[in-house]
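K.L.:
Turn this into a structure:
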Amino acid sequence: MEELVPPRRRQARRRTRRRHRRTIRGFDKFRDQFSAAANGVQGSGWAWLGYDTLGKKLLTFQMYDQQSNVPFGTIPLLGLDVFEHAYYLQYKNIKADYIKAFWNVVNWPDVQARFAAAVSKTPGLIFP
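P.N.:
Modelled structure (predicted):
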């Protein structure tokens, strides 16, 4: 169905795929890296995919507890809440199953829109 997407969106998707390949070497490796970051959070926290406006690359990072320490010059694109309250009722204490199920509900068009805005509107340290 990609042929039904307007040309500008198609170009943006290609750009995202290229950047993923260059930065993380493919979606499977990205998913594994992001999942490992999420699973590695002990206690409360988040796993994030962000765009580094200085290095012009995608980053995977963690935030613990109530911290809002997004790396300097990084725009968050995709976040996964790994606080126990996010998964306990449905997954009990099996965080890995929650993280695996997360990939079935990611809103990729929204992530793509955030990525496109981050790339086009943030030259260096200038934030939108």
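K.L.:
tell me the centre residue of this protein?
P.N.:
In the chain, the C-alpha closest to the average C-alpha coordinate belongs to residue 49, at a distance of 2.7 Å (C-alpha atoms, centre = their mean).
K.L.:
Kindly confirm my reading that it forms part of a strand.
P.N.:
Yes: the assignment for residue 49 is a strand, going by DSSP: H, G, I helix; E, B strand; the rest coil.
K.L.:
wait, doesn't it sit right on residue 59?
P.N.:
Yes: using C-beta atoms under 8 Å, residue 49 is in contact with residue 59, at 7.3 Å. (Each C-beta comes from the backbone N, C-alpha and C, glycine too.)
K.L.:
Contact partners for the residue nearest to the centre of the chain?
P.N.:
30, 34, 58-60, 76-79, 111 (C-beta atoms under 8 Å, 6 or more residues apart in numbering).
K.L.:
now, which of those lie within strands?
P.N.:
Judged by DSSP state E, the contacts of residue 49 include 58-60, 76-79 as members of strands.
K.L.:
Let me have these in a markdown table, extended by neighbour count.
P.N.:
Written out in a markdown table, the entries for these read as follows (neighbours: other C-beta atoms under 10 Å):
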| residue | neighbour count |
| --- | --- |
| 58 | 21 |
| 59 | 19 |
| 60 | 18 |
| 76 | 17 |
| 77 | 20 |
| 78 | 19 |
| 79 | 13 |
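K.L.:
Specify the beta-bridge partners of residue 50.
P.N.:
The residues listed as beta-bridge partners of residue 50 by DSSP bridges are residue 59, residue 76.
K.L.:
Tell me which residues touch it, please.
P.N.:
Residues touching residue 50, when contacts are defined by C-beta under 8 Å, 6+ apart, comprise 58-61, 70-71, 74-77.
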